[in-house]
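Asker: kindly generate the corresponding structure for this input.
(one chain, ligands or ions: 1)
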Amino acid sequence: MPDAAKDRYKKPMYTRRQFVGIATGVGTTLALVAVSAAFGKAGAQRKTYTSQQELVEAKNAISEILSSSDPVKTAAWIVGTGDAPTSVKTEMDQQLDALTQAVAAGTGAKDPASIVVSRTRDAATQRRIWDRKYDFLRRGDGGAGTFGTITEESRGQYGDTLGAGIQWDPDNEAHRIVWSSLTPEQRQIEILQTSTAPGVSQHHSGAAADLFSTEPNDWSNNGPLAAQYTWLSRNAARYGFIQTYTASSAKDQPAVSAEPWHWAYAPVSEAILDFIRADPSTIRGQLENLWNYAPGRYTYIHENWQNYVFHVNERAHFA
Ligand SMILES: [Zn+2]
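Answerer: All right, here's what the predicted structure looks like:
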């Protein structure tokens, strides 16, 4: 850890407010009562944030934990083949619980338990997703239908054949014909619009969660989740969560396209970025181990994985 970061870490930590303070901010007395009752004592350990600087300080505390851990074990956790440090896992779990309780209370949308539709995913699971997409499998063949946004490049090249849909659809004969003509690099670039390769998913660490629905149309301005998105944009930062993939982060190429459903607990996701920046070689070695069963499927991501890791939104929005 650089000296400047150490100095910041030595400064007093952000204020740990009592939950009453948080819930008042959320807006309803009902939320206060319901969430306090659900969390009991554990609620006292949860953190709320009011500024980017507080998130940076919390990130530095996580970095301190990681820097005192075995880097090989930390890397294994990051690439989805090992466990999170216990205290880091506890903090992520508590903050995600706090977020989902507040979302439920703030939007009246859903039972908190059903808000998270996808969270921690190991490297083996991500490899199945990658292979299923790479092989463009139809539903009956173990695929899952539509799977991701078609890039501008492919749209420009094959628009007449692909039709009006915004997503690749392995059940669509014309899409299958186009896909079969793509090079390995083009396939990887298409997949990377919405899925990362095994080892480079933010879901490996448990820091990120997909909320409500991963269907882009649900999140459009007049879509069924427009109100939930407004709530998250205004309030998720209070619990430490930021939208990782935004319209502006997606403007950096190569990058994952905007995902209104994907929110990451910034103190951990940012500490992970710092860990990778400080020593990419440990992570790279573990990624190569994950990919060496079929290196031809990873030619492009092998050269570009850091772009997909680092071209993300790193700023929280505090309303
Ligand atoms: Zn996600």
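Asker: okay, now the residue in the stretch 151-300 of the chain that the ion sits nearest to: neighbour count?
Answerer: Distances from the stretch 151-300 of the chain to the ion, computed as Cβ to the ion, single out residue 262 as the nearest residue at 3.6 Å. Where C-beta positions appear, they are placed from N, C-alpha and C, glycine not excepted. For residue 262, the neighbour count with other Cβ atoms under 10 Å is 22.
Asker: that one: what's it in contact with?
Answerer: Under the criterion of Cβ atoms under 8 Å, 6 or more residues apart in numbering, the neighbours of residue 262 are 202, 208-211, 243-245.
Asker: which residues does it bridge with?
Answerer: Beta bridges link residue 262 to residue 210, judged by DSSP bridges.
Asker: how about the stretch 1-150 of the chain: which residue is closest to the ion?
Answerer: At 6.1 Å from the ion, residue 118 is the closest residue in the stretch 1-150 of the chain, using Cβ to the ion.
Asker: residues near that residue, how many?
Answerer: Other residues within reach of residue 118, judged by other Cβ under 10 Å, total 13.
Asker: ok, what's across the strand from it?
Answerer: For residue 118, the beta-bridge partners are residue 210 (DSSP bridges).
Asker: what does the pLDDT read for it?
Answerer: According to the model's per-residue confidence, residue 118 sits at a pLDDT of 94.
Asker: my guess is it meets residue 203, correct?
Answerer: Yes: contact between residue 118 and residue 203 holds when scored by Cβ atoms under 8 Å: they sit 6.8 Å apart.
Asker: between these two, which contacts overlap?
Answerer: residue 210.
Asker: domains in the chain, by residue range?
Answerer: As assigned by automatic domain parsing, the chain contains the domains 3-120+196-310, 125-129+136-191.
Asker: got a list of what residue 203 touches?
Answerer: Remark: with contacts taken as Cβ under 8 Å, 6+ apart, residue 203 is in contact with 80, 118-121, 126, 210.
Asker: let's go with 7 Å and repeat that
Answerer: With contacts defined as Cβ atoms under 7 Å, 6 or more residues apart in numbering, residue 203 is in contact with 118-121.
Asker: and residue 313, by the same measure?
Answerer: If you count contacts by Cβ under 7 Å, 6+ apart, then residue 313 has 242-246, 248-249 around it.
Asker: before we move on, back to that, comparing the domains of the chain, which comes out most buried?
Answerer: Burial among the domains of the chain, expressed as mean neighbours by mean count of other Cβ atoms under 10 Å, is greatest for domain 3-120+196-310, which shows a mean of 18.
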